[in-house]
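K.L.:
Would you be able to build a 3D model of this:
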Amino acid sequence: MAPNSRIILTRHAQAEHNVDLDYTIHDAPLTALGKKQAQALVPQISEIAKEVDLVATSPLKRTLQTTRLGWGPAIDRLGGLSKVALVPEFQECNDFPCDTGSSASTLSKDPELEGFDFSHLPEDWTSKKGFWSADRGLIAKRAKWVRQWLRDRPEETIVLVGHGDILREVTCDVNGPSGYGWRNAEVRIFTFDPEWVEKDECFLKQQKGKEVAVAGGYGPTSTEDDLFSGNGKL
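P.N.:
Predicted structure coming up:
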């Protein structure tokens with residue numbers, strides 16, 4: 001257990017359903033621009049990427065793509081894509097087609113995702129039923145499970161790539177989910193609240209001095225003109 005760990009939360013880059021709010025696209029992947037947004041993270045996070053001990057992600061296509069493109073140097077240093085932890089509990093909250101994942105067999109056939117280890121994904125993780133459903137109470141339980149999983153990991157610096165709604169749930173406090181609107185390819189650093197870390201809820205808080213995004217951050221209709229260029233921030 002590493003209660004003093006840093007948790008680097010990252011939202012996926014622009015995906016196909018973000019552009020026209022078309023929620024009927026099953027397991028919506030990144031757009032061409034979204035891939036460039038994810039790649040643009042690399043120079044921004046070049047320093048902190050050297051300190052990452054574990055990379056983890058939601059197993060939807062857009063988060064897998066963002067993970068591979070944005071956190072590639074850290075992944076390579078840690079042994080490759082097969083070492084990335086897939087966390088189906090961190091899938092998006094809603095039961096729209098765009099927020100519904102693909103089976104392990106489908107993902108394993110996608111050439112863009114070659115190298116990830118899908119063998120441990122539960123068969124029912126895409127069902128949106130029971131523990132995986134869009135029920136608000138069960139979503140809160142999933143979010144708590146994710147926080148507990150992060151707290152109980154031995155690594156000190158963990159990257160977790162996910163989605164806007166589940167990020168708000170995971171970063172909740174005693175008053176409920178965060179109201180923050182995560183932007184595409186946005187990176188923020190959190191630690192465990194010392195008052196709560198040993199308790200069941202184990203709430204997170206933003207690292208002191210990092211109350212703003214430390215990398216990325218694009219609106220859903222951003223263009224290539226908005227892509228980050230220059231020296232890294234982290």
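K.L.:
Only C-alpha atoms from now on, for both contacts and neighbour counts.
P.N.:
Will do.
K.L.:
Low-confidence bits of the protein, can you list those?
P.N.:
1, 207-213, 221, 228-234 (pLDDT under 70).
K.L.:
Confirm for me that residue 8 is in contact with residue 187.
P.N.:
Yes. With contacts counted by Cα atoms under 8 Å, residue 8 reaches residue 187, the gap being 6.8 Å.
K.L.:
Who has more neighbours out of the two?
P.N.:
Neighbour comparison, residue 8 and residue 187: the larger count goes to residue 187, with 24 against 21 (by other Cα atoms under 10 Å).
K.L.:
Would you confirm that that one contacts residue 217?
P.N.:
Yes. Proximity of residue 187 to residue 217 meets the contact threshold set by Cα under 8 Å, at 7.4 Å.
K.L.:
In PDB, could you pull the C-alpha coordinates for the longest helix belonging to the chain?
P.N.:
The residue-count maximum for a helix in the chain (DSSP state H) belongs to helix 136-152. The C-alpha atoms that make up helix 136-152 are tabulated as PDB, following Å, rounded to 0.1, in the frame of the first residue of the first chain:
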ATOM      1  CA  ARG A 136     -25.800   6.100  -9.800                       C
ATOM      2  CA  GLY A 137     -25.300   4.100  -6.600                       C
ATOM      3  CA  LEU A 138     -23.300   1.400  -8.400                       C
ATOM      4  CA  ILE A 139     -21.200   4.000 -10.200                       C
ATOM      5  CA  ALA A 140     -20.300   5.500  -6.800                       C
ATOM      6  CA  LYS A 141     -19.300   2.000  -5.700                       C
ATOM      7  CA  ARG A 142     -17.100   1.500  -8.800                       C
ATOM      8  CA  ALA A 143     -15.400   4.800  -8.200                       C
ATOM      9  CA  LYS A 144     -14.700   3.900  -4.600                       C
ATOM     10  CA  TRP A 145     -13.300   0.600  -5.800                       C
ATOM     11  CA  VAL A 146     -10.900   2.500  -8.100                       C
ATOM     12  CA  ARG A 147      -9.700   4.700  -5.300                       C
ATOM     13  CA  GLN A 148      -9.100   1.800  -3.000                       C
ATOM     14  CA  TRP A 149      -7.300  -0.100  -5.800                       C
ATOM     15  CA  LEU A 150      -5.100   2.900  -6.300                       C
ATOM     16  CA  ARG A 151      -4.400   3.300  -2.600                       C
ATOM     17  CA  ASP A 152      -3.600  -0.400  -2.200                       C
END
